[in-house]
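K.L.:
Using only what follows, build the 3D model:
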Amino acid sequence: MRLSLWLSLLTLVHSSLATLEDPELTFERLYKFGKDAYTAGEWADCVGFMRRALEDWDYYQSETLSCAARCLKKLPELRFDAKAKKLPELRFDVLGKLNCNYTLAVVVNYLNDAYPIWLIIAMQVDDLAARFHHTSQRALCIRRCRRERFSPRRPGIARREIVHDFMERRPYNYLQVCHWKDGEFESAVKAAYTFLVANPTDEQAKVNMDFYMAEAEFTEDMLEDKERADYERMFISGVSAYEDEDWTKCVTHLDTALDEFFKEEELCRLGCRDRVDWDGIGSDDDVDAVINAIHRSTVECQHSCLARLSWVNGHFFGNLVAQVYRYQHLCYFKQMRGQDAARAVANHLLLDASPDIRWNKAHYRTLYPDREEIFRPEMRIVEFARNRLYEQRYLDFTDEKSKLVHGMYPTESKEDYAPLEVVDKESLAKDDFPYADVGSILSAGLCKTLRQVALQLPTAIEKQAKSEAESAVQRMFPFSKLQGVWCGELRRPACDRAIVLSIEEDNCSEWLGPMHGGCALVACE
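P.N.:
So this is what the prediction gives:
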């Protein structure tokens, strides 16, 4: 009976693979069949079902995102430009890509006294009506598109946690066992590696990978991530070119990695529109609370896209966009393209004000004095950073204000009713760090005492001197902690985000690069 059931199901699978016409056999059902086959020890069936489940998941993702992108192109987000035609003096064009939710706040901030308040209120009403009409149009567009792409017979997703399994590549974890049991060693290694890359902290996945790598059949070329995206491939290639000192390839491949990353990030953000956290909506919530809960879960998902996409080959790079510029500015410099290097450093600092990158900017400033214009970040990076800033403010506000403490919400404050503060692009792009003041962080007397500490000479005020030095550094680098003071040969700090200052008599408090010798103070963020 069981054998005939499996044969029937496999016939369905092979038929659907041949004709692509079995809408009821979705990745959700195929995944269940695959897990059932795994439990029953039917290894070939397990492989067949899991592979087909992954194919249908890719198809579902591709078509869903395609519909979202298509409808967004036909019905782009409402902007202020249309209103600006009525009130050109208000300069709505400088406000960028804010949502229409913020219209009244923006108008209040930029209000020209020549316009009566009734006109402003009318604008708000018009925007609100237009916003909901626009949303209903896009909803219709997406539903129509999905009906065209997917058969009406295709069922919806019954269990949303299945989506989570596929996003975490869990089918590959089943596949690696089933391939191994079915005698397909190379396929088992590739499936195990693909799962491990997405789950680098999974202890069992590490054990499995160690097992495969210890086998005589294993070769390095079997370590293939079946789900590696184009931006990951180009980032890895660009970093390899940097290590091989192929500066031209480093620059071009990292440029491509960045372009591909932003495409992938846009797809990730589009996908978030389809992943609402319905658990955050209460049965007694009114329409405003429901809309806010839906919007918040979407924004939270979209804001996390950067972190999710910053995992490359099982390693977390924090902010991958900033990491691209960390490597690229050095490759530009080696090509003697100093202005491009300066702009890459400015891009990095806008996204991540790492002290070692600040040191690089300080160095470039000595090469290009009085050329502040070359240290302006690119506009797409400014817009990317500003959008993330708005999202973070929104998430912080909703987190802080929605927390119940002993069953009570936080006490009302003026902030609860204050308009959103508009972030000007020029102000955001400006770097106000006092580079010229770094050289005066440490006094000559403090440097002398720290040298004595570093040379292990007797001093009664070692603890006080270290505390004073840490406080002095923190005035300019607030998140830093003193790691120590040393004298010796050329070396590199143990931390990546290091501040290195000389404590030598002839150049006390000079800002040194990561590779340094002599007597120096090292602090880390």
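
K.L.:
in the stretch 301-450 of the chain, which spans are helices?
P.N.:
305-309, 320-334, 338-351, 355-367, 379-402, 425-429, 444-454 (DSSP state H, counting those that start in this stretch).

K.L.:
just so I know, which of these lies nearest Gly513?
P.N.:
helix 355-367 (6.0 Å; CB to CB). (C-beta placed from N, C-alpha, C; glycine too.)

K.L.:
just checking, what packs against the closest one?
P.N.:
The contact analysis (3 or more CB pairs under 8 Å, 6 or more residues apart in numbering; DSSP states H and E) places helix 355-367 against helix 338-351, strand 498-502, strand 511-512.

K.L.:
Looking at those, which is nearest to His134?
P.N.:
His134 sits nearest to helix 338-351 of all the helices and strands packed on helix 355-367, at 31.4 Å, using CB to CB.

K.L.:
What residues of that closest one count as buried?
P.N.:
Buried residues in helix 338-351, counted by 16 or more other CB atoms under 10 Å: 338, 340-351.

K.L.:
Tell me if Leu482 really is in a strand.
P.N.:
Yes. Counting by DSSP: H, G, I helix; E, B strand; the rest coil, Leu482 is located in a strand.

K.L.:
after the helix or strand containing Thr39 comes which helix or strand?
P.N.:
According to DSSP states H and E, Thr39 maps onto helix 27-40. Sequence-wise, the next helix or strand downstream of helix 27-40 (DSSP H and E) is helix 43-74.

K.L.:
Could you tell me the average pLDDT over that following helix, please?
P.N.:
Mean pLDDT, helix 43-74: 94.

K.L.:
try stretch 490-505
P.N.:
Rounded mean pLDDT across stretch 490-505 is 92.

K.L.:
swap in stretch 24-33?
P.N.:
94.

K.L.:
Mind listing what's buried along it?
P.N.:
For stretch 24-33, the neighbour count (16+ other CB under 10 Å) marks 25-31, 33 as buried.

K.L.:
List the contacts of stretch 274-283.
P.N.:
Here stretch 274-283 makes contact (CB atoms under 8 Å, 6 or more residues apart in numbering) with 64, 68, 160, 163, 289-290, 293-294, 296-298, 300-301.

K.L.:
ditto for stretch 159-172
P.N.:
With CB under 8 Å, 6+ apart, stretch 159-172 has contacts from 27-28, 31, 34, 50, 53-54, 57, 157, 191-192, 194-195, 198-199, 226-227, 275.

K.L.:
Show the buried residues in those.
P.N.:
Those of these that meet the buried threshold are 27-28, 31, 34, 50, 53-54, 57, 191-192, 194-195, 198-199, by 16+ other CB under 10 Å.

K.L.:
Check which helices and strands the particular helix or strand that has Val473 in it is in contact with.
P.N.:
According to DSSP H and E, Val473 maps onto helix 462-474. With contacts taken as 3+ CB pairs under 8 Å, 6+ apart, helix 462-474 sits against helix 444-454, strand 481-491, strand 516-524.

K.L.:
now the second one, how far from the centre of its chain.
P.N.:
Looking back up the chat, that one is strand 481-491. 33 Å (CA atoms, centre = their mean, to the nearest Å).

K.L.:
Can I get that strand in PDB, CA atoms only?
P.N.:
Extracted C-alpha coordinates of strand 481-491, given in PDB (Å, rounded to 0.1, in the frame of the first residue of the first chain):
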ATOM      1  CA  LYS A 481      37.600  51.400  25.500                       C
ATOM      2  CA  LEU A 482      41.300  51.500  26.300                       C
ATOM      3  CA  GLN A 483      43.000  48.200  25.300                       C
ATOM      4  CA  GLY A 484      46.500  49.100  26.600                       C
ATOM      5  CA  VAL A 485      49.700  50.900  25.900                       C
ATOM      6  CA  TRP A 486      52.800  49.200  24.400                       C
ATOM      7  CA  CYS A 487      56.300  49.800  23.200                       C
ATOM      8  CA  GLY A 488      57.800  47.500  20.600                       C
ATOM      9  CA  GLU A 489      58.100  46.500  17.000                       C
ATOM     10  CA  LEU A 490      55.600  46.900  14.100                       C
ATOM     11  CA  ARG A 491      52.300  45.300  15.000                       C
END
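
K.L.:
Tell me the buried residues in it?
P.N.:
Neighbour-count burial for strand 481-491 [16+ other CB under 10 Å]: 482-483, 485-487.

K.L.:
which other helices and strands contact it?
P.N.:
Strand 481-491 sits against helix 444-454, helix 462-474, strand 516-524, with contacts defined as 3+ CB pairs under 8 Å, 6+ apart.

K.L.:
Compare these and give me the one nearest Glu412.
P.N.:
Comparing these by CB to CB, helix 462-474 comes nearest, at 34.7 Å.

K.L.:
Just want the angle from that closest one to strand 516-524.
P.N.:
With axes from the mean of the first three to the mean of the last three CA atoms, to 10 degrees defining the directions, helix 462-474 sits at 80 degrees from strand 516-524.

K.L.:
Look at the most centrally placed residue in the chain and report its pLDDT.
P.N.:
Taking CA atoms, centre = their mean as the criterion, Leu306 is the residue nearest the geometric centre of the chain, at 1.1 Å. Per-residue pLDDT puts Leu306 at 97.

K.L.:
Next, find the distance separating it from Pro434.
P.N.:
Distance, Leu306 to Pro434, by CB to CB, to the nearest Å: 29 Å.

K.L.:
Next up, the contacts around Met222.
P.N.:
186, 189-190, 193, 212.

K.L.:
Tell me the one of those residues nearest Met515?
P.N.:
Proximity of those to Met515 (CB to CB) peaks at Tyr193, which lies at 34.7 Å.

K.L.:
burial count for the closest one?
P.N.:
23 (other CB atoms under 10 Å).
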